[in-house]
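Student: model the following, please.
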Amino acid sequence: MRSPSTPAPRNFRGIFRSDELARAAYSEAAGVAQAWPRAVAVPADADAVATLVQWAATTRQPLIPRGSGSSMAGGAVGDGVIVDLSRIDAIGTIEPLAGAPPRGLGATATHTIVVGPGALCAAVERAAAERGLRFPIDPSSRAFATVGGMAATNAAGPHTLSRGAMRAWVNGIECVFADGTRGWIRRGAPLPKLPVIERLVSWATARGAAAAASGARDVRKDSSGYALGPWHVSGELVDLLVGSEGTLALFTALELALEPRPAATATVLAAFTTLEGAAAGAATARDARVSTCELLDRTLLDLARTGTRALPVAGDAEAVLLIGLEHATPAEAAAAAAALEARLHADGARDVTLGLTKDTEHALWELRHAASPMLAALDPAIASVQVIEDGCVPPDQLVEYVRGVRAALDQHHFRGVIFGHAGDAHVHVNPLVDLREGDWRVRLDALLADVVALTARLGGTLSGEHGDGRLRAPLNRAHWGSAVVEAWAEVKAAADPDGRLNPGVIIPLEGQRALRDIKYDPALPPLPGAARAALDEIARTRSWQRARLELVDARRLR
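Tutor: Residues are numbered from 1 along each chain as shown. This is a model prediction of the structure:
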């Protein structure tokens, strides 16, 4: 794991380290991959980011931007210099949006706020709440997810059903491009006169429409590849940059849109004895224009029953839907919940529970928010190895997808937990792997291949909200086809001709494999003790936002 020391850039303001302990501390993120970086840079501000990018251009060093490191698909670890942007976390003042929302922005947006890429989603939400507003992108990771990382992957969450994903709530991005130039890209504003932007616009003019059409899928969410479709529809470069996973530019500030908070909410929990019933219930919920509709598969319900988070449903429930409603008054919310209850019973729901107060709503949603922490608390020999965790299919294929995933898990002898965003037919899967079994790597490779084939057959996307990262990049050509991936490669080359920005993400490097070093693998050489202890503590407490260098240094001194 040792490599020659990487010298720090001249005039760089921030932390730059290439010692083994620092590199080990950034060799893992929330996903399954382990990869040692060449060095770690923690820039103090946007100027320092530009200095770092200019240095990388002259020294031919790859740069790997990241926020809290809570990403799942391996985009935050790799062979390069980690650029930890989490300390550029200022939150500006909230301003009214002048006029109607520009093209591509959320239709209900009324205000904007400029924040650093390291600002936590939860901190932005608190600032908005003080003004009676909200930032409606609410992933379960919002307590530690940075908005820069969320924009990089086009993150989403339960409210995507009614509000769209991150792309619809980013009004502008300050970028440092691969040649070290900087500029704000805002919706409805003239583009900066920069060579990189001229190349991108030229490509879009010549090839954009055909490329967008060739990569279209009939899904409600998509964070795979470059967003050629949204870019072609809106003509806004912001739409291409969101979801680009640090491969086209580094983000140094973002202008986010906010909307008024709902006046009243309600929650409906519905349990079904068949997947078909749950899928029908999800369609009913979409038709009723609910705000959220989440799925909990029987595997997660069974796991919850072994602890203290069991829901009020019968033991033979095949799936549960958690549905959120938003209305102008509590009476309207209650009436809408009652009407939905009747329709869900008609779809085959047996147990339906209404949450009409904040306390009852919180109790119903607790299991959905606790899914990942529960998995983290399993027997240490059982790892939740998230390699098929983000598939999204056309809504009418949801039942076949879940059944296909279950069949693949059974065929390769894995238990698995299935949950996610039923309203968008977007499913998270956590295979539970017993690391004591000698053939687990072979079976995991086969499981990944089978689910990739299933997703393609059903017309889906491999990533609904987590991005391709390095996990899915090698799978894209088989899934999307050569023409689509070649169009993506042309976009990458226009923005980053030398391939220095997060290489191996979206566009794979030659010989790149989806699953290489899996951090749970007992056969891997151990990390230095202080780094291992720090990373385990972060994972156990789900405190991904903690400063890793401070934590490992404190561990070393104990």
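Student: okay, now the domains of this protein?
Tutor: 14-87+518-556, 91-260, 264-374, 380-488 (automatic domain parsing).
Student: and the ones you listed: which comes nearest Pro508?
Tutor: Among the domains of the chain, domain 380-488 comes nearest to Pro508, with 4.2 Å by C-beta to C-beta. Backbone N, C-alpha and C define where each C-beta goes, glycine included.
Student: mean pLDDT lowest for which of the domains of the chain?
Tutor: The weakest mean pLDDT among these belongs to domain 264-374, with a mean of 88.
Student: quick one, strands of the stretch 51-200 of the chain?
Tutor: Using DSSP state E, counting those that start in this stretch, the strands found in the stretch 51-200 of the chain span residues 63-66, 81-84, 91-96, 111-115, 133-134, 170-177, 182-186.
Student: packing partners for the last one?
Tutor: Just to be clear, that refers to strand 182-186. For strand 182-186, the elements it packs on are strand 170-177, helix 237-241, strand 249-260, judged by 3 or more C-beta pairs under 8 Å, 6 or more residues apart in numbering; DSSP states H and E.
Student: kindly reformat the ones you listed as CSV containing mean neighbour count and distance to Arg207.
Tutor: Formatted as CSV, those follow (neighbours: other C-beta atoms under 10 Å; distance: least, C-beta to C-beta, whole Å):
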stretch, mean neighbour count, distance to Arg207
strand 170-177, 25, 20
helix 237-241, 24, 13
strand 249-260, 24, 20
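Student: select, out of these, the one closest to Tyr401.
Tutor: Nearest to Tyr401, of all the helices and strands packed on strand 182-186, is helix 237-241, at 27.0 Å by C-beta to C-beta.
Student: export the closest one as PDB, just CAs?
Tutor: Output of helix 237-241 as PDB, limited to C-alpha atoms (Å, rounded to 0.1, in the frame of the first residue of the first chain):
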ATOM      1  CA  LEU A 237     -25.700  23.300 -19.000                       C
ATOM      2  CA  VAL A 238     -26.600  23.000 -15.300                       C
ATOM      3  CA  ASP A 239     -28.600  19.900 -16.200                       C
ATOM      4  CA  LEU A 240     -25.500  18.200 -17.700                       C
ATOM      5  CA  LEU A 241     -23.300  19.000 -14.700                       C
END
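Student: out of the helices and strands packed on strand 182-186, flag the one nearest Arg103.
Tutor: By C-beta to C-beta (comparing all of the helices and strands packed on strand 182-186), the closest turns out to be helix 237-241, at 8.8 Å.
Student: and the contacts of that closest one?
Tutor: Here helix 237-241 makes contact (C-beta atoms under 8 Å, 6 or more residues apart in numbering) with 104, 151, 167, 170-173, 175, 185-187, 191, 197, 200-201, 226-228, 230-231, 233, 248-249, 251, 491.
Student: the same query, at a cut-off of 7 Å, please.
Tutor: By C-beta atoms under 7 Å, 6 or more residues apart in numbering, the residues outside helix 237-241 that reach it are 104, 167, 170, 172-173, 175, 185, 187, 191, 200, 226-227, 230-231, 248-249.
Student: quick one on the thing from earlier: okay if I get the strands of the stretch 51-200 of the chain as a markdown table plus distance to Gly74?
Tutor: Converted to a markdown table, the strands of the stretch 51-200 of the chain look like this (distance: least, C-beta to C-beta, whole Å):
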| stretch | distance to Gly74 |
| --- | --- |
| strand 63-66 | 10 |
| strand 81-84 | 13 |
| strand 91-96 | 29 |
| strand 111-115 | 26 |
| strand 133-134 | 31 |
| strand 170-177 | 23 |
| strand 182-186 | 26 |
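Student: between those strands, which one is nearest to Gly404?
Tutor: Closest among the strands of the stretch 51-200 of the chain, using C-beta to C-beta: strand 63-66, at 32.6 Å.
Student: helices or strands up against that closest one?
Tutor: strand 81-84 (3 or more C-beta pairs under 7 Å, 6 or more residues apart in numbering; DSSP states H and E).
Student: just to revisit the earlier point, and the furthest pair within the contacts of helix 237-241?
Tutor: Longest span within the contacts of helix 237-241, C-beta to C-beta: Gly172 and Tyr226, 18.9 Å.
Student: okay, the helices and strands packed on strand 182-186 in JSON lines with distance to Gly504 next?
Tutor: Formatted as JSON lines, these follow (distance: least, C-beta to C-beta, whole Å):
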{"stretch": "strand 170-177", "distance to Gly504": "19"}
{"stretch": "helix 237-241", "distance to Gly504": "19"}
{"stretch": "strand 249-260", "distance to Gly504": "16"}
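Student: for the contacts of helix 237-241, which one is nearest Ala35?
Tutor: Of all those, Leu248 has the smallest distance to Ala35: 21.2 Å, by C-beta to C-beta.
Student: gap between the closest one and Cys175?
Tutor: Noted for Leu248: a distance of 8 Å to Cys175, by C-beta to C-beta, to the nearest Å.
Student: check Gly99 too.
Tutor: For Gly99, the distance to Cys175 - C-beta to C-beta - is 24 Å.
Student: for the closest residue in space to Arg443 that isn't next to it in sequence, phi and psi?
Tutor: Nearest non-adjacent residue to Arg443, counting by C-beta to C-beta, 6 or more residues apart in numbering: His412, 4.4 Å away. Dihedral angles of His412 (phi, psi; degrees, to the nearest 10) stand at phi -100, psi 10.
Student: His412 and Leu448 touch, don't they?
Tutor: No - counting by C-beta atoms under 7 Å, His412 does not reach Leu448; the two are 9.6 Å apart.
Student: what sits up against whatever helix or strand Val320 lives in?
Tutor: Using DSSP states H and E, Val320 sits in strand 319-327. Strand 319-327 has contacts (C-beta under 7 Å, 6+ apart) with 158, 262, 264-272, 275, 278, 281-282, 285, 290-298, 301, 311, 313, 333, 336-337, 340, 364-365, 368, 422.
Student: mind checking which of these are in strands?
Tutor: With strands taken from DSSP state E, the overlap with the contacts of strand 319-327 comprises 264-272, 292-297.
Student: please tell me how far the spatially most central residue of the chain sits from Ala35.
Tutor: In the chain, the centroid-proximal residue (C-alpha atoms, centre = their mean) is His466; its distance is 3.0 Å. With distances taken as C-beta to C-beta, His466 is found 17 Å from Ala35.
Student: and for Ser162?
Tutor: In terms of C-beta to C-beta, Ser162 sits 37 Å off from Ala35.
Student: what of Ala211?
Tutor: Ala211 is 30 Å from Ala35, by C-beta to C-beta.
Student: higher neighbour count, the two?
Tutor: Ranked by neighbour count (other C-beta atoms under 10 Å), Ala211 and Ala35 place Ala211 first, with 23 against 20.
Student: list the contacts of that one.
Tutor: Residues in contact with Ala211, defined by C-beta under 7 Å, 6+ apart, are 228, 487.
Student: and it, helix, strand or coil?
Tutor: helix (DSSP: H, G, I helix; E, B strand; the rest coil).
Student: what of the one 10 residues further on?
Tutor: Assigned with three-state DSSP, Lys221 falls in the coil class.
Student: check the gap between it and Trp488 for me.
Tutor: Computed as C-beta to C-beta, the Lys221 to Trp488 distance reads 18 Å.
Student: can you count the residues close to Ala539?
Tutor: 15.
Student: please, which helix or strand holds it?
Tutor: In the assignment (DSSP H and E), Ala539 maps to helix 529-541.
Student: report the buried residues of that helix.
Tutor: For helix 529-541, a neighbour-count test (16 or more other C-beta atoms under 10 Å) marks 530-535, 538 as buried.
Student: and what of stretch 397-404?
Tutor: Quick answer for stretch 397-404 (16+ other C-beta under 10 Å): 397-402, 404.
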